[in-house]
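Novice: 3D model of this:
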Amino acid sequence: MTDTKTELSLTLSERHTADFEMIANGGFAPLTGFQGSEDWRSVCETMRTASADYWPIPITLASDLDCAVGDVVSLTSDEGKPLGRLTVEEIYERDGRKEAEQVYGTTDDAHPMHLHLVQFQILHRQGFNIPAMQSGKLELVGKLRMPADNEAGWKDTAVVNPGDVLTILVRFEGYTGRYVFHCHMLEHEDNDMMRPYEVVPVVVRRDGPATTPKVD
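Specialist: Below is the predicted model of the structure:
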């Protein structure tokens, strides 16, 4: 008996489109696709994939699409651009509460976060909606809280409190490419609690505001 594969279509959200593009262009290396349940669980618990590669944040494709293992899904970006096709290898339910607590800092731990090679200033702190985060959406809530007097000035480390989003102003000069930030608690740093990010050049236009290049 031959398995029947159904071809379906799915329009990705802005977030999932960005994740897809980062996977495709190697920006999320060593990831080669959206993570399955084994990788998701390992990343939440150990900040590593099931194959022991360091990766601190789950990259999954959440959808209510009615599909089955083996189905082929044509993907379209949030702007209507065809992205490609994927074959469904696994369907599983994420534990959103576990992910929010273990990955996004909704526990009682505060983290002194450090940015390499640059200085920054704290703009403000604000809470976020935990149930919304469990569904993959960052929704800020509550009033903006300005930094304390002892947090004024330029620095390379600041405390991120549980349940908070810390907004900072960073000055990048003379360098584009990949940077990294990490927790300065020794046991967290030793267990690779880090995250890379990429700085891209600003395009200055005489007839309009400065823009950043779009990734095709």
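
Novice: longest strand anywhere in this protein?
Specialist: When the chain is parsed with DSSP state E, its longest strand is strand 119-128.

Novice: in the protein, which residue is most central in space?
Specialist: For the chain, the residue whose C-alpha lies nearest the mean C-alpha position (Cα atoms, centre = their mean) is Ile57; its distance is 6.2 Å.

Novice: distance of it relative to Phe128?
Specialist: When Cβ to Cβ, to the nearest Å is the yardstick, Ile57 and Phe128 sit 15 Å from each other. For glycine as for every other residue, the C-beta is placed from the backbone atoms N, C-alpha and C.

Novice: now do the helices in this protein.
Specialist: Taking DSSP state H, the helices of the chain run over residues 14-24, 37-46, 96-103, 130-134, 186-190.

Novice: so how many other residues sit close to Thr11?
Specialist: 16 (other Cβ atoms under 10 Å).

Novice: low-confidence stretches in this structure?
Specialist: In the prediction, the chain carries residues with pLDDT under 70 at positions 1-6, 97, 100-108, 134-135, 186-192, 204-216.

Novice: domain ranges for this protein, per the record?
Specialist: Following the assignment in automatic domain parsing, the chain carries domains at 7-94, 107-199.

Novice: with adjacent residues omitted, what lies nearest to Asp109?
Specialist: With Cβ to Cβ, 6 or more residues apart in numbering as the measure, Pro162 is the residue that lies nearest to Asp109, at 6.1 Å, once sequence neighbours are left out.

Novice: and if you look at Met113?
Specialist: Using Cβ to Cβ, 6+ apart, the nearest residue to Met113 is Val160, at 5.1 Å.

Novice: hmm, back to that, could you dump the helices of the chain into TSV with distance to Trp154 and mean neighbour count added?
Specialist: Shown next, in TSV, are those (distance: least, Cβ to Cβ, whole Å; neighbours: other Cβ atoms under 10 Å):
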stretch	distance to Trp154	mean neighbour count
helix 14-24	30	17
helix 37-46	33	18
helix 96-103	29	17
helix 130-134	30	16
helix 186-190	22	11
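
Novice: how near is the nearest residue to Leu61 once chain neighbours are set aside to Val141?
Specialist: Ranked by Cβ to Cβ, 6+ apart and with sequence neighbours excluded, the top spatial neighbour of Leu61 is Phe34, at 4.2 Å. In this structure, Phe34 and Val141 are separated by 28 Å, where distance is defined by Cβ to Cβ.
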